[in-house]
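Undergrad: Give me a model of this one.
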Amino acid sequence: MTQIIIFPDSEAKIIEYLRTQLEARGENLPVGRWHTRSEPAERLRVSRIGGNARNLVTDSALIQIEIWASDLARGSQLAALTRALLLASPRTSDEVIRAEDVTGPALITPEGTDDPRHLFEVQLDFRGTASD
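TA: Here you go, the predicted structure:
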C-alpha cells in the first residue's frame, strides 16, 4: 500500500493553542468555530478559508480570525494580542512550523448590521503525519 500524508485539523489546533495562550494571559475569551445566532457576545472565531499543500509533508493553512469585543478598543487590543500569539506560534507550539502575516487587523462592519468586529488573516504551516 502507498504511504500517504495526513494533515491535521488546522482550525482545531489553532483553537486549542489560542485558548491555552489567552488563558495563560488572563483572557477567558471564548474561542471556536461558531456560525450560529447563539454565539457569545465577546468571542474569537477561527476559520480556515483556504491554503494548500506547500510540499509533500506541509499543509499551509490560510486562517481568518474574527474578534467581537465589548468595545472597539478592547477588540483592537485582542486582535493585536491574538495576531502576536499566532505569529509567535512556530516558537511556542509543537504544531506550527511557520507563520506569515497575510492581512493585518482591520475593523469591519458588514453592511446593514450593527455588528463591528476586527478581522485579520495569517498563513500557518503544519507538518503532516505518514500513514499507510
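Undergrad: Regarding stretch 86-103, how distant is the last residue from the first?
TA: 13 Å (Cα to Cα, to the nearest Å).
Undergrad: And the contacts of it?
TA: Stretch 86-103 has contacts (Cβ atoms under 8 Å, 6 or more residues apart in numbering) with 8, 13-14, 17-18, 21, 58, 60, 62-63, 65, 83, 85, 119-127. (Each C-beta comes from the backbone N, C-alpha and C, glycine too.)
Undergrad: What are the boundaries of the strands in the protein?
TA: Here the chain has its strands, by DSSP state E, at 4-6, 31-32, 43-55, 58-68, 96-108, 117-127, 129-131.
Undergrad: Switch those strands over to JSON lines; also include mean neighbour count.
TA: Below are those laid out as JSON lines (neighbours: other Cβ atoms under 10 Å):
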{"stretch": "strand 4-6", "mean neighbour count": "11"}
{"stretch": "strand 31-32", "mean neighbour count": "20"}
{"stretch": "strand 43-55", "mean neighbour count": "16"}
{"stretch": "strand 58-68", "mean neighbour count": "20"}
{"stretch": "strand 96-108", "mean neighbour count": "14"}
{"stretch": "strand 117-127", "mean neighbour count": "21"}
{"stretch": "strand 129-131", "mean neighbour count": "10"}
